[in-house]
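[1] Turn this into a model:
(one chain, ligands or ions: 1)
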Amino acid sequence: MLVKMGVLLEDAREKGYAVAAPGVHDMQSTEAAFQAAKELRAPIVLDVSEHNDMEALADMARFYARRYPEVPAALNLDHGRSFEATVKAVRLGFTSVMIDCSTLSFEENVRITSEVVKMAHAVDVSVEAELGHVGMGSRYEVDRDAALTVPEEAVEFVKQTSVDCLAVAVGTAHGMYSGTPKLDFDRLAKLREMVPVPLVLHGGSSTGDDNLHRAAKTGICKVNLWSDLMIAGTNGMKEFLETGEVKGLGFKPMRMVYDAGAKAYKEAIKHYIKVFDSAGRV
Ligand SMILES: [Zn+2]
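    Residues are numbered from 1 along each chain as shown. Presented below is the predicted three-dimensional model:
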């Protein structure tokens with residue numbers, strides 16, 4: 001069943017766990033995300049970025065939501081960069097949109113996010129925004145402290161925008177880290193205490209299981225995952241190409257290569273569902 005992301009994250013906030021949000025990009029990854037959630041009785045957020053075929057993925061999400069009706073899943077536009085992109089996602093049936101104006105000024109971020117909230121809430125779609133800025137892991141040692149979220153500003157931001165959930169910068173970064181990830185748990189605890197909506201963590205990959213578990217227990221309600229899942233999936237394909245056997249065929253069919261990747265990708269999602277303590281929540 002496709003549901004509003006806000007509903008999933010409110011439950012997570014109340015009970016103290018985080019929902020896994022894998023980046024999905026095709027049929028195999030979309031079904032694998034549903035299967036991982038089903039096998040562990042967990043809610044799931046399907047993150048789709050603008051780089052992907054949003055129209056096809058929206059249809060696939062609806063298809064697999066019918067095949068796996070027991071899975072509460074939200075379909076979320078990840079890192080929407082413009083008002084127009086969020087409108088497109090809403091029109092395609094996404095149940096949540098992220099508007100990311102985290103590199104703009106506080107005022108501009110408030111202004112654009114508020115417009116998106118007004119539009120999305122009119123049709124019962126949740127909105128995620130970002131305050132502070134989660135940068136790239138490749139620049140981690142230079143950037144880490146550049147734009148951490150200030151709790152007082154986050155409170156004001158939520159008040160002014162009526163956003164449903166907020167991505168915060170507490171020391172994570174997108175992709176692989178240059179250096180060791182160091183999370184600011186005191187800042188996170190303060191954010192959890194002061195901000196009245198669920199908090200989201202971007203840059204979950206390679207942050208470490210202990211850090212992520214602790215983040216989920218300190219107030220993070222959704223963790224975005226991409227790089228680690230891509231690596232797992234690609235390694236699954238590589239392994240099948242190198243060692244897999246297909247009897248009677250002198251080659252390895254593309255379908256089976258993809259399936260091997262999807263299986264490894266699914267196992268990686270399941271690993272994180274357990275780390276975030278969202279297994280058995282459905
Ligand atoms: Zn992100």
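[2] Three-state assignment for Asp47, please.
    strand (DSSP: H, G, I helix; E, B strand; the rest coil).
[3] where along the stretch 1-150 of the chain do the helices fall?
    Here the stretch 1-150 of the chain has its helices, by DSSP state H, counting those that start in this stretch, at 5-15, 27-39, 54-67, 83-92, 106-121, 140-143.
[4] Let me know the angle separating the longest one from helix 5-15.
    It stands for helix 106-121. On the basis of axes from the mean of the first three to the mean of the last three Cα atoms, to 10 degrees, helix 106-121 is oriented at 110 degrees to helix 5-15.
[5] and helix 106-121, what does it pack onto?
    For helix 106-121, the helices and strands in contact under the criterion 3 or more Cβ pairs under 8 Å, 6 or more residues apart in numbering; DSSP states H and E are helix 83-92, strand 96-99, strand 126-131, helix 151-161. Just so you know, the C-beta spots here come from the backbone N, C-alpha and C atoms, and that holds for glycine as well.
[6] Go through the helices of the stretch 1-150 of the chain and pick out the most buried.
    helix 27-39 (a mean of 22; mean count of other Cβ atoms under 10 Å).
[7] packing partners for it?
    strand 19-22, strand 44-49, helix 54-67, strand 73-80, helix 254-275.
[8] Need the CA coordinates for the longest one. PDB is fine.
    The C-alpha coordinates for helix 254-275 follow below in PDB (Å, rounded to 0.1, in the frame of the first residue of the first chain):
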ATOM      1  CA  MET A 254      21.200 -10.100 -18.700                       C
ATOM      2  CA  ARG A 255      18.100 -10.900 -16.700                       C
ATOM      3  CA  MET A 256      20.100 -13.200 -14.400                       C
ATOM      4  CA  VAL A 257      22.800 -10.600 -13.900                       C
ATOM      5  CA  TYR A 258      20.300  -8.000 -12.900                       C
ATOM      6  CA  ASP A 259      18.600 -10.500 -10.600                       C
ATOM      7  CA  ALA A 260      21.900 -11.200  -8.800                       C
ATOM      8  CA  GLY A 261      22.400  -7.500  -8.300                       C
ATOM      9  CA  ALA A 262      18.900  -7.000  -7.000                       C
ATOM     10  CA  LYS A 263      19.300  -9.900  -4.500                       C
ATOM     11  CA  ALA A 264      22.400  -8.400  -3.100                       C
ATOM     12  CA  TYR A 265      20.800  -4.900  -3.000                       C
ATOM     13  CA  LYS A 266      17.800  -6.400  -1.100                       C
ATOM     14  CA  GLU A 267      20.100  -8.000   1.500                       C
ATOM     15  CA  ALA A 268      21.800  -4.700   2.000                       C
ATOM     16  CA  ILE A 269      18.500  -3.000   2.600                       C
ATOM     17  CA  LYS A 270      17.500  -5.700   5.100                       C
ATOM     18  CA  HIS A 271      20.800  -5.200   7.000                       C
ATOM     19  CA  TYR A 272      20.000  -1.500   7.400                       C
ATOM     20  CA  ILE A 273      16.300  -2.200   8.400                       C
ATOM     21  CA  LYS A 274      17.700  -4.200  11.300                       C
ATOM     22  CA  VAL A 275      20.300  -1.500  12.200                       C
END
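[9] Perfect, I'm done here.
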